[in-house]
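Visitor: quick one: sequence and predicted model below, then my questions.
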Amino acid sequence: MDVKASDGVAHPSEHDPDEGGHFGRYGGRFVPEALIAALDELTVFYQKARADPEFLDELDRLHRDYTGRPSPLTDAPKLGEHAGGARILLKREDLNHTGSHKINNVLGQALLTKRMGKKRVIAETGAGQHGVATATACALMGLECVIYMGEVDTERQALNVARMRLLGATVIPVKSGSRTLKDAINEALRDWVTNVDETHYLLGTVAGPHPFPAMVRDFHRVIGMEARAQVLDRVGRLPDAVAACVGGGSNAIGIFHAFLDDPGVRLVGYEPGGDGVETGRHGATLSEGSPGALHGAMSYLLQDEDGQTAESHSISAGLDYPGVGPEHALLKDLGRAEYSPVTDAEAMEAFALLCRTEGIIPAIESAHAIAGALRLGRELGPDAVILVNLSGRGDKDVDTAARWFGMVEGESAAEASGTAIAEADLSGRSPAQDEPSPAGADTGAVQR
Amino acid sequence: MSRVEKIFQDCRAQGRAALVGYLPAGYPTVDGSVELLSAMVEGGCDLLEVGVPYSDPVMDGPTIQAAADTALRAGFRLRDVFAVVERVSAAGGRAVVMTYFNPVLRYGVDAFARDLAAAGGLGVITPDLIPDEAGEWIEASDAHGLDRTFLVAPSSSEERIASTARAARGFLYATSTMGVTGARDAVASAAPALVERCRRHTSLPIGVGLGVRSAEQAAEVAAFADGVIVGSAFVTAAERAGADGVRDLAAELAGGARRGAPASAATGA
């Protein structure tokens, strides 16, 4: 395969924002003036670096020898049987070093940090995947690392907290607000505005003020570029649809981008539907939110009628966020991408199904995309080819899943968050397969 | 001349810096905030900054975060800010609103300007809105005769100070240090240099905020700036001693702002 990891950085996209970072009416910079100089500096260093063969070679070397790129494309035929017989192809970002796609962006920004002469890195994390990737890159490159993580998330992703600390990072549990990703970003921004001279804020998704949405996207474009070539090589044609989960939206934009100019390829983002959007307890920002400014950019967000940010809810810490990247907001308005909620229950059912059918334990975030692929397959039929971004692996979620499925000793199924996996439902056709699978419905084997 | 600028000019004519006091509307309740803000006027605040409590105040330290949280839990609604401004204005105060931008966006930028002007508000300070993104707000504030204060920081380039000052009306807000709101023991050494740089680009009055809590610090700021802006210290005083607490603090700070002003300012007016 002739795709280089740095290609998305070296070759400017046809879909770049304007000079101020606006994707249509979205994006821009809604931040305190104190941060503008640092954002300008970052923009300049990024533009210089992407034209510098030394930077690109270093990024390629790291992604080849350290990350393990290119990530493979895996056929998932047994999963496909549950998806109306469609051919499902998994882009295996879960096999990257540190266990998710997050490393693509982190290595790029860590190299930029060194170029800017900054010695300290801060980052927010939800599920801990971005925090782990950041702590890893900082260990590798000798940078001081501070990770802000909502207190709720430090509890539900305890394994990743331990990983970050083993890697030498300081993890600060954030106790304000909803004590999740949104509040971790607030705290990281407060740190940045105070320590901006020596500190780089290594933002982990395609949100935030310009240049983050476009720059982080570019570091992730490799996902779609590789996958596009791999699918063409394997199948001889483009996929009918591409599925990805969307929290902030980095893995989705990374895989979507290579297909933006292929009108025959449907791009579908799956948002955290939590308990079901009708309950109000969800994180389906694009499906249910409205335009507004949060964390430095204009985009869709979940808010009340006074513009106060609403709390999001999801079993997946990495998707539990009331905002979303501005480019997704534009893609939604343009109709180029579709966004749809997947409930906790539907995601966990897909999680279990992928474990049992293909021997792959996905991150709960990525399980939302698997659930989406099952829906797409049933809709499109057996001739369909569906590319799924398997953005992360599920080691970090074993505890949550064990509780959900009532596998924890001493906890009855009723006390746990869910009931046991019904073996029969995984052995053949899923009951859900026969239903139109409406968003929010508790389908099949797993019920709360 | 704008109404806010006039307040600074009048203070200068009296040989002192203006005292600008911040408190979130709705803290601890809507009625309570009116009482506190009125006491701040009695104590000597020349201009009130009525804050809009917001769920994600990234420019604020723990004190103001907690106060905003208290107000929101007590049921603060955005429209309450107009009632608070109206009531403190009726009591003789002069008020601008300090708000993160999303509540304004959600309310409707023009509608917000219209309703604030109708309530007697003089302008708005927007800590997370830079002039580059403020097209709609500049239009609305012009249409409804409101002043607009943007912030400059020690990290601002000369070009940005110049363009920010050009977009502002009323006064320019210089953040004394890189950081969030909160009382500090010392006013950062960056402040005088920043104000000096601002003077090269604008004749607007310049208020200095972030970290001022004592008469000594107020005097220090008054020596080089046109306004002393105090926020967290008023919240803390309200927590400790209610209306008496904020009245006393305002009197103390006003004393500092008078003492610190350079003699030339008094004679020159």
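Guide: Now that the structure is in, tell me what you want to look at.

Visitor: in the stretch 1-150 of chain A, which residue sits closest to chain B?
Guide: Nearest residue of the stretch 1-150 of chain A to chain B, counting by CB to the nearest CB: residue A:34, 3.6 Å away. (Each C-beta comes from the backbone N, C-alpha and C, glycine too.)

Visitor: OK, contacts around the residue in the stretch 251-400 of chain A that chain B sits nearest to?
Guide: Nearest to chain B in the stretch 251-400 of chain A, going by CB to the nearest CB, is residue A:307, at a distance of 3.1 Å. Taking CB atoms under 8 Å, 6 or more residues apart in numbering or on different chains, we find residue A:307 in contact with A:292, B:54, B:78, B:102, B:103, B:104, B:105, B:106, B:107.

Visitor: near chain A at all, stretch B:206-219?
Guide: No: using CB under 8 Å from any CB of the partner chain, stretch B:206-219 stays clear of chain A, coming no nearer than 9.7 Å.

Visitor: ok, which residues in the stretch 201-350 of chain A are in contact with chain B?
Guide: A:291, A:292, A:293, A:294, A:295, A:301, A:303, A:305, A:306, A:307, A:308, A:309.

Visitor: ok, of the residues you listed, which come out buried?
Guide: Buried subset of those (neighbour count, 16 or more other CB atoms under 10 Å in any protein chain shown): A:291, A:292, A:293, A:294, A:295, A:301, A:303, A:306, A:307, A:308, A:309.

Visitor: widest-spaced pair of the residues you listed?
Guide: Comparing all pairs in those by CB to CB, the longest separation belongs to A:295 and A:306, at 17.9 Å.

Visitor: mind telling me what element residue 165 is part of?
Guide: No chain in the question, so chain A it is. Residue A:165 belongs to helix A:158-166 when assigned by DSSP states H and E.

Visitor: chain B was what I was after
Guide: Counting by DSSP H and E, residue B:165 is part of helix B:158-167.

Visitor: report the backbone C-alpha coordinates of that helix in PDB.
Guide: Listed in PDB are the C-alpha atoms of helix B:158-167, where the atom choice follows Å, rounded to 0.1, in the frame of the first residue of the first chain:
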ATOM      1  CA  GLU B 158       0.600  45.000  19.000                       C
ATOM      2  CA  GLU B 159      -1.700  44.400  16.000                       C
ATOM      3  CA  ARG B 160      -4.300  42.700  18.200                       C
ATOM      4  CA  ILE B 161      -4.300  45.400  20.800                       C
ATOM      5  CA  ALA B 162      -4.800  47.900  18.100                       C
ATOM      6  CA  SER B 163      -7.600  46.000  16.300                       C
ATOM      7  CA  THR B 164      -9.300  45.100  19.600                       C
ATOM      8  CA  ALA B 165      -9.200  48.700  20.800                       C
ATOM      9  CA  ARG B 166     -10.700  49.800  17.500                       C
ATOM     10  CA  ALA B 167     -13.600  47.400  17.900                       C
END
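
Visitor: who touches that helix?
Guide: Taking contacts as CB under 8 Å, 6+ apart, the residues outside helix B:158-167 that touch it are A:33, A:36-37, B:130-131, B:134, B:138, B:148, B:150-152, B:156, B:172, B:197-198, B:200-202, B:204.

Visitor: and those residues, which of them are buried?
Guide: Buried among the contacts of helix B:158-167 by 16+ other CB under 10 Å: A:33, A:36-37, B:130-131, B:134, B:148, B:150-152, B:156, B:172, B:197-198, B:201-202, B:204.

Visitor: of these, which belong to helices?
Guide: Counting by DSSP state H, the buried ones among the contacts of helix B:158-167 place A:36, A:37, B:197, B:198 in helices.

Visitor: and the residue of the stretch 251-400 of chain A closest to chain B, that one's in a strand?
Guide: No: assessed with DSSP: H, G, I helix; E, B strand; the rest coil, residue A:307 is coil; it does not lie in a strand.

Visitor: pLDDT score for the closest residue to it other than its chain neighbours?
Guide: Nearest residue to residue A:307, sequence neighbours excluded (CB to CB, 6 or more residues apart in numbering or on different chains): residue B:106, at 3.1 Å. Per-residue confidence at residue B:106 stands at 98 (pLDDT).

Visitor: now name the helix or strand holding residue B:106.
Guide: Residue B:106 belongs to helix B:101-107, assigned by DSSP H and E.

Visitor: turn the ones in helices among the buried ones among the contacts of helix B:158-167 into TSV, including pLDDT and distance to residue A:78.
Guide: Formatted as TSV, these follow (pLDDT from 0 to 100; distance: CB to CB, whole Å):
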residue	pLDDT	distance to residue A:78
A:36	97	52
A:37	96	54
B:197	97	67
B:198	98	67
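
Visitor: which of these lies closest to residue A:249?
Guide: Nearest member of those to residue A:249, counting by CB to CB, is residue A:36, at 24.0 Å.

Visitor: in contact with the closest one, which residues?
Guide: For residue A:36, the contacting residues are A:29, B:130, B:155, B:156, B:160, by CB under 8 Å, 6+ apart.

Visitor: got the buried ones among the residues of the stretch 201-350 of chain A next to chain B as JSON lines, with pLDDT columns?
Guide: Listed next are those as JSON lines, based on pLDDT from 0 to 100:
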{"residue": "A:291", "pLDDT": "98"}
{"residue": "A:292", "pLDDT": "98"}
{"residue": "A:293", "pLDDT": "98"}
{"residue": "A:294", "pLDDT": "97"}
{"residue": "A:295", "pLDDT": "96"}
{"residue": "A:301", "pLDDT": "98"}
{"residue": "A:303", "pLDDT": "98"}
{"residue": "A:306", "pLDDT": "98"}
{"residue": "A:307", "pLDDT": "98"}
{"residue": "A:308", "pLDDT": "98"}
{"residue": "A:309", "pLDDT": "97"}
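
Visitor: can you put the residues you listed in JSON lines and add distance to residue B:69?
Guide: Putting these into JSON lines (distance: CB to CB, whole Å) gives the following:
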{"residue": "A:291", "distance to residue B:69": "25"}
{"residue": "A:292", "distance to residue B:69": "20"}
{"residue": "A:293", "distance to residue B:69": "20"}
{"residue": "A:294", "distance to residue B:69": "17"}
{"residue": "A:295", "distance to residue B:69": "18"}
{"residue": "A:301", "distance to residue B:69": "19"}
{"residue": "A:303", "distance to residue B:69": "17"}
{"residue": "A:306", "distance to residue B:69": "15"}
{"residue": "A:307", "distance to residue B:69": "16"}
{"residue": "A:308", "distance to residue B:69": "11"}
{"residue": "A:309", "distance to residue B:69": "13"}
